Every structure is written in structure tokens, then in C-alpha cells.
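In: here you go, sequence then predicted model.
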Amino acid sequence: MALSLKDLGLVDRQYSTGSSYIMTIDSGTTSVRAMIVDAYGCIVAQASRSIKTTYPHPGWVEQDPTEILASQIAVMMEVQFKSGIHSDSIEAIGITNQRETTVVWDRDSGQPIYNAIGWQCRRTAPLAQRLVDEGYEDMIRAKTGLTPDAYFSATKVAWILDNVSGARELAESGQLLFGTIDSWLIFNLTGGLVFATDYTNASRTMLFNIHTLDWDDELLELLNIPRRMLPEVRWSSGEFGRVSTDIMTHRPRIMGVAGDQQASLFGHCCFEPGQAKNTYGTGCFMLMNTGDTVVESKNGLVATIGIAEQGKVSYALEGSIFHAGSVIQWLRDKLQIIGSTKETEGIALSRPDNGGCYLVPAFSGLGAPWWDAGARGLICGLTGASDRSSLVRAACESMAYQSYDVLCAMEADAGSRLDSLSVDGGASRNEFIMQFQADLLGIPVDQTESVETTALGAAYLAGLAVGYWEDHEELRQNHDYAKHFMPQMSEEDRARNLAGWHDAVARARSMCASSSVLVGTR
Ligand code: ADP
């Protein structure tokens, strides 16, 4: 008998021939990955590459679209080679991607005319502010669910058309195409045959009317963006074309597409109104399914398209926290008081409480629900007894406090109470933080078994479209929790902790104005 690929060390596992799988493409901000998912929702193989980010000026964030594409294709090939699972066993492909990041390219040559402008890029903040100053905020919020901000794609496209030589004329003549990363990948993976996006990605551009489910002419005119640059918008679970032969011989079809946070909502099986998930990564992203109601937030959240399966849109409320896990990285890399992020759990647990010490990580202002760009980071409540563990515990607690504030805003907007919160992301593996979160919220916090809920969400969307999975029920059966954290804290401790946190937030919010007055004075 000949040696198998596994015997030769060329594949991770040997798979029975005839099995079929779903491939997920996860095009993130820092890395691109390709994964192979089996019928039980297990990731059986994966490959990844990191992606460079450049900061040409303070506040500017760019990536190379060609690098993103080349790396994405490379990991698609690598994962097949590593696993021994080839394109004839891939039933369908799902794509999930960093949202809002903007690419403009030439329809014929396929070449981008400028780097991808990253979602974190602040260069168009003055343009977004102008929209607010000129009184367009309510109209934009009513149509798109979003608050005018440089974060969303619209002002980034306008910037490219206004600043790249010759771009506007080319765009007017129909030569240029605009897309978020999903469209850029779909266009190239299908050999230029399909120029499309899905409803969830479109809803993050600030050009898409989430009620009519169409690009909005009034917004396009306001920002001077020709409609002909825009991709066709399709359901997240459905056909987006076949991958070309030179990438995958048997040309599987792309059947699922969703922005990362929406894919995560789907991966958490939050199919019903009132269900919510929170992802604890570099930042925190909390989404609550609001069903067929667009909830206009009065508490600093945005409304967005949450799930767009064939023929049915479910809306979501979303709250973004800028600094969550990044605070732990800051302790490690800048303060250098911990050696690894993992250590924080033991250090936080070594204390009976926070000793009155709070850390508000408003490093670049505060996001939801405060939206205070002027706030600055702050550590308060120090005494002579404070030490490294006080800071580490305060940093860990800050993720839970910030999530508590967003969840309260969500419940107030939605007019309903959550029964439990489903969580994932790197920092959700810290059991101290998850227990503290359950204690603050007074509801169970359910930690998913798989950390890859975003990738699974995209796989589920693709798999449902081809009948690989029958229905939501089958996906729910695949969905396992590693642990449930039940609230344990006394009401008195909870109230004291929250009062201390909110006092600290108020101080952080008054920091910037006073510090700018103090600079240069005696
Ligand atoms: P992203 O997808 O945003 O890159 P991940 O989901 O991979 O983020 O999570 C990484 C973030 O979580 C980092 O900011 C890191 O500091 C934080 N993190 C990872 N593990 C832990 C841990 N055990 N305790 C606290 N924070 C952690």
C-alpha cells in the first residue's frame, strides 16, 4: 500500500474521500485566513497570513488591496494543500471581511487607483463633521441607521474621487468601481465577472438606505459619488459567482457573504429578535438582533442590517467600544507590567476586589454609548497600597464596565431585557472578565466553544444556501458553549463598583477640555 499524504506529513489529517465541506474566507484587518468547515461546524483546517497596515500621516490608515487579494488566494490554496481537501470536496465558499474599508479600482485593468482606506482612518473626519454642521445628521441617520462619521465608507470614497488625479472624470465615465473588501475579493475571485456586495456590508457604507434596501440617490448626490461605481447588492446567503479555475480547479461557488460582526451574530445563532452577542477582541462589538424593526437609537448606538438571508432582513443595534483587549496589550507593551495577556486572569483573581481603582481606556476618546472624542484615558482611586495587580484588575474590569454601558443602552433602545449574553473573541477566554461581566449584568454570560464564530457565520450562510445544512435548527444543534458564567456578586458590591466606574468615566470625559487649557500655562 502506498504511503498516504498524512504518512508523508503533507496533510494535518486524513479525510474520507467523498466527504464535503464548506470553505470560509475571513479577510480581517490584521490577517487573512481560509478555513475548511465540516458538517458539525468544526474547523478541520486553516491557513493564515498577516496583512500590513501603513500610517502615511497621523490618523491615516491604509492597506494594499493587491496584498490582501494575493494573500487571500495564497491561503485558499494553502489550506487545500495542508488538509488534502481539494476544490471538488468544497460545496460552497463563504466570505466574511473587515467592514467599511474602501477600495476603488479600474473596471478594465482591475488595478486599484489608490490604497484601501482602512475603517480606522480619520482623514475624512472634517468632511463627516461638515455633514453634521450642515444639518444632514438626522437625514443620514433616518436613511442609513448610522451617525455621520469618517468610520463609514462614504466619505472615504468621496476623498479618493476628490484627491486622486483624474479619478472623478474616470468615475463619471463609468470606468471606476468602488467596493468594500468583500466586493474587491468577489470581483477578483470570479475573474471580474461578478461585481457585488451583500446587504450587511452595504449597510456600513453610509450610502445605503436600510429601509428601501437600495443605494440612496440623495446621499450619493450629497457626496458627489456616481451610482454606476457601486456594486449590485445581494442577499448574504445566495449566489455570488464561481471562483475562477486558476484559483480552484473545480470552481466552487461563493454562496455566503457578510461583514465580520454580522457574520459573528449569525455564527452565534442569534437568529431571533432580542438575542445579542459581544465579541471581546482589540475592541468590543456588541450586536442585538431587533428583527424587522429598525430601532433608531437615542443612546449612542447605530442601527444596521444584522442578517440578510434570502428574502428576509433582520436589523440589529450595534455598539462599538474602541479599546478593550488593546488595554491589555498596552499593559504588556507600553507599561510592561505583564509578560503575556494570559497572565492577567491570575493577577486579577489574586485580589478580592479592585481596591477602589478604575481605569478608563479612553485612549482615542470614548465610543458607544458616550461618543466623546474629547475624553482621555484615566486611572483613578490610587492609594499607597495600589500595585501592579490593582492596574491589571482595573484594566480587565474596564472591558466589562464598557460592555455593561453598551448593553444598558441597547436594552433602553430596544425596550426589552436580555436573558443572556453570548460571547466570543480573544479576551472572552479570560474567565475573570467573563465572571465579572455576568456579575455586573445580572444575567448569564455564555462563552462559545469555538472562538471562530465569525468564520462559522460565513460558512453557515454559504452552507444554508446550498442545502449543506438544512435550517437554523441544525445550526443551533452544532452550536456549543464552553462555559456559562452565572451572576454571583451581591447587589451592594455591584452598585458600588458601577458607581465607582461611572464617576471615573465622568472624570475621563472632563479631561480633555481642562488639559488643553492647562498646556502651556503655569
Ligand atoms: P482581534 O480579532 O481584534 O485581533 P482577538 O479576538 O484575537 O482580537 O483578541 C485579541 C485581543 O484580546 C488582544 O487585544 C488581547 O490583548 C486580548 N486578549 C487575548 N487573550 C486575553 C486574555 N486571556 N485576557 C485578557 N485579554 C486577552
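Out: Thanks, I have it.
In: tell me the secondary structure for residue 256?
Out: Applying DSSP: H, G, I helix; E, B strand; the rest coil to residue 256 yields a three-state assignment of strand.
In: equivalent analysis for residue 79, please.
Out: For residue 79, the assignment made with three-state DSSP gives helix.
In: need the single longest helix in this protein, by residues.
Out: Among the segments of the chain that qualify as a helix by DSSP state H, the longest is helix 388-414.
In: give me the pLDDT value at residue 310.
Out: Model confidence at residue 310, expressed as pLDDT, equals 83.
In: report the contact partners of the nearest residue to it once chain neighbours are set aside.
Out: Closest residue to residue 310 in three dimensions, ignoring its sequence neighbours and counting by C-beta to C-beta, 6 or more residues apart in numbering: residue 235, at 5.0 Å. C-betas here are computed from N, CA, C, even on glycine. Contacts for residue 235 (C-beta atoms under 8 Å, 6 or more residues apart in numbering) come out as 198, 199, 308, 309, 310, 311.
In: ok, back up a step: chain center to the longest helix of the chain, what's the gap?
Out: Relative to the centre of its chain, helix 388-414 is centred 18 Å away, using C-alpha atoms, centre = their mean, to the nearest Å.
In: okay, buried residues for the next helix-or-strand element following that helix please.
Out: Per DSSP states H and E, the first helix or strand lying C-terminal to helix 388-414 is strand 421-424. Under the neighbour-count criterion of 16 or more other C-beta atoms under 10 Å, strand 421-424 has 421, 422, 423, 424 buried.
In: what's the answer for stretch 286-299, then?
Out: For stretch 286-299, a neighbour-count test (16+ other C-beta under 10 Å) marks 286, 287, 288, 289, 290, 291, 294, 295, 297, 299 as buried.
In: from these, which is closest to the ligand?
Out: Closest approach to the ligand among the buried residues of stretch 286-299 (C-beta to the nearest ligand atom): residue 286, at 13.9 Å.
In: stretch 129-147 - what's its average pLDDT?
Out: Stretch 129-147 shows a mean pLDDT of 95.
In: output it as CSV, nothing but the C-alphas.
Out: C-alpha atoms of stretch 129-147 as CSV (Å, rounded to 0.1, in the frame of the first residue of the first chain):
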residue,chain,number,x,y,z
GLN,A,129,-18.2,67.0,10.6
ARG,A,130,-19.3,69.2,7.8
LEU,A,131,-22.2,66.9,7.1
VAL,A,132,-23.3,67.3,10.7
ASP,A,133,-22.7,71.1,10.7
GLU,A,134,-24.8,71.5,7.5
GLY,A,135,-27.7,69.8,9.2
TYR,A,136,-27.7,66.4,7.5
GLU,A,137,-27.2,64.2,10.6
ASP,A,138,-30.9,63.4,11.1
MET,A,139,-31.5,62.6,7.4
ILE,A,140,-28.4,60.3,7.3
ARG,A,141,-29.4,58.6,10.5
ALA,A,142,-33.0,58.1,9.3
LYS,A,143,-31.9,56.5,6.0
THR,A,144,-28.8,54.6,6.9
GLY,A,145,-29.2,54.0,10.7
LEU,A,146,-25.7,55.5,11.1
THR,A,147,-24.3,58.6,12.6
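In: how far does that stretch sit from its chain's centre?
Out: Averaged C-alpha coordinates place stretch 129-147 at 23 Å from its chain's average position (C-alpha atoms, centre = their mean).
In: what's around the spatially closest residue to residue 420 that is not a sequence neighbour, how many residues?
Out: Counting by C-beta to C-beta, 6+ apart, the nearest residue to residue 420 once its immediate chain neighbours are dropped is residue 444, at 4.4 Å. A total of 16 residues lie near residue 444 under the criterion other C-beta atoms under 10 Å.
In: repeat for residue 342
Out: If you count neighbours by other C-beta under 10 Å, residue 342 ends up with 11.
In: with residue 238 instead?
Out: By other C-beta under 10 Å, the burial measure for residue 238, its neighbour count, is 22.
In: so who does it touch?
Out: With contacts defined as C-beta under 8 Å, 6+ apart, residue 238 is in contact with 255, 310, 465.
In: distance check, it against the ligand.
Out: Between residue 238 and the ligand the distance is 27 Å, computed by C-beta to the nearest ligand atom, to the nearest Å.
In: tell me the contacts of the closest residue to residue 416 other than its chain neighbours?
Out: Nearest in space to residue 416, with sequence neighbours left out and distances taken as C-beta to C-beta, 6+ apart, is residue 274 at 5.4 Å. The contact partners of residue 274, by C-beta under 8 Å, 6+ apart, come to 288, 289, 291, 414, 416, 418, 419.
In: ditto for residue 359
Out: Each residue near residue 359 by C-beta under 8 Å, 6+ apart is listed here: 327, 377, 378, 379, 391, 394, 395, 397, 398, 504.
In: can you pick the most crowded of those residues?
Out: Of all those, the highest neighbour tally under other C-beta under 10 Å goes to residue 394, namely 30 neighbours.
In: helix, strand, or coil at the closest residue to that one other than its chain neighbours?
Out: Counting by C-beta to C-beta, 6+ apart, residue 359 is the residue found nearest to residue 394 once chain neighbours are left out, at 3.9 Å. Three-state call for residue 359 (three-state DSSP): strand.
In: and residue 359, bridged to which residues?
Out: The residues listed as beta-bridge partners of residue 359 by DSSP bridges are residue 379.
In: how near is it to residue 190?
Out: Here the criterion is C-beta to C-beta, to the nearest Å. By it, residue 359 lies 47 Å from residue 190.
In: picking that back up, model confidence score at the residue nearest to residue 310, please.
Out: The predicted structure scores residue 235 at 97 on the pLDDT scale.
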